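# Build me a structure from this.
(2 chains)
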Amino acid sequence: QQQVKQSPQSLIVQKGGIPIINCAYENTAFDYFPWYQQFPGKGPALLIAIRPDVSEKKEGRFTISFNKSAKQFSLHIMDSQPGDSATYFCAASGGSGGYQKVTFGTGTKLQVIP
Amino acid sequence: DTEVTQTPKHLVMGMTNKKSLKCEQHMGHRAMYWYKQKAKKPPELMFVYSYEKLSINESVPSRFSPECPNSSLLNLHLHALQPEDSALYLCASRGLAGGNEQFFGPGTRLTVL
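Modelled structure (predicted):
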């Protein structure tokens, strides 16, 4: 019940394309869904996050779509650039205080070709 | 200052060595985390400290010993590690009043020979 399933494992798009990464969860106690971007040799950086009372959130070129009934959420990257080439992790968390854990998806390696 | 810093950046150690990893944040966050990340895998939670007290230990072997000496610092003491412990060790912090955002440090790349 703690799993977050992420797909695809890898993705190659042309510059300007719109890569879409999908995630699904089972635990209905999750109430916060962040996306992290990680470059090789670096720590994950928070990209954008959403709560289940919102169906869509946009920040710059990054958009999260959230479907609470299907327990699915996805990341869209508009007008993708070579600099977006990185590994993207979806995640989910619930609970509060010092007992909150973040459950990560398995990651998607994105390559944007010039 | 929205930064989590980690030292050292790289560490090579033998199986009989004792070493420590250090993490520091000055965002006033009262929850701090240690994660282990193997290549092409997501971060794997090891420990959580809340208000300088250990709140979660994900059944980590005792050769890893965490310490939180104050609200800004988090250490991970290493002793008698195995080659399979080689990984990127990530520290993260989170404010307990309000948002859920976790901020990660750049990590320490550990190699055990």
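
# can you pull up the bridge partners for residue B:45?
residue B:35 (DSSP bridges).

# and the helix or strand of chain A with the lowest mean pLDDT, which strands flank it?
One helix or strand of chain A scores below all others by mean pLDDT, DSSP states H and E: strand A:101-104, with a mean of 90. Applying DSSP bridges, strand A:101-104 is found paired with strand A:86-94 (antiparallel).

# now the strand it pairs with, how far from the chain's geometric center?
Here the centre of strand A:86-94 is set off from its chain's centre by 5 Å, with CA atoms, centre = their mean, to the nearest Å.

# just stretch B:26-41 next, same as before
6 Å.

# now stretch B:74-83: mean pLDDT?
Computed over stretch B:74-83, the mean pLDDT rounds to 96.

# can you give me the end-to-end distance of that stretch?
By CA to CA, to the nearest Å, the extent of stretch B:74-83 from end to end equals 24 Å.

# what residues does it touch?
With CB atoms under 8 Å, 6 or more residues apart in numbering or on different chains as the test, stretch B:74-83 has contacts from B:13, B:15-24, B:32, B:34, B:46-47, B:49, B:63-69, B:85, B:89, B:91, B:110, B:112-113. In short, each C-beta sits where N, CA and C put it, glycine included.

# Buried members of those into ChimeraX, please.
Listed next is the ChimeraX selection for buried residues among those, using 16 or more other CB atoms under 10 Å in any protein chain shown:
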select /B:13,19,21,22,23,24,32,34,46,47,49,64,66,68,85,89,91,110,112
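
# rewinding a little: go through the least confident helix or strand of chain A and flag the buried ones.
Those would be A:102, A:103, A:104, for strand A:101-104 by 16+ other CB under 10 Å.

# Residues of chain B that sit close to chain A?
B:4, B:6, B:30-31, B:40-43, B:45, B:48-51, B:53, B:55-56, B:88, B:90, B:92, B:94, B:96, B:100-107, B:109 (CB under 8 Å from any CB of the partner chain).

# Narrow those to just the buried residues.
By 16+ other CB under 10 Å, the residues of chain B next to chain A give B:4, B:6, B:30-31, B:42-43, B:45, B:48-50, B:56, B:88, B:90, B:92, B:94, B:96, B:100, B:102-107, B:109 as buried.

# These in strands, which ones?
If you go by DSSP state E, those have B:4, B:6, B:31, B:45, B:48-50, B:56, B:88, B:90, B:92, B:94, B:102-104, B:109 in strands.

# Quickly check these for the two that are furthest apart.
Across those, no pair lies farther apart than B:50 and B:109, at 27.2 Å, counting by CB to CB.

# Angles on the backbone of residue A:82, please.
The phi and psi values for residue A:82, taken as degrees, to the nearest 10, are phi -50, psi -30.

# quick one: pLDDT of it?
Model confidence at residue A:82 (pLDDT) stands at 97.

# Show me what counts as buried in whichever helix or strand comes after the least confident helix or strand of chain A.
Sequence-wise, the next helix or strand downstream of strand A:101-104 (DSSP states H and E) is strand A:108-113. Within strand A:108-113, the residues scored as buried using 16+ other CB under 10 Å are A:108, A:109, A:110, A:112.

# related to what we said a few turns ago, and which of the buried residues of strand A:101-104 is nearest chain B?
residue A:104 (3.6 Å; CB to the nearest CB).

# Beta-bridge partners for the closest one, please?
residue A:91.
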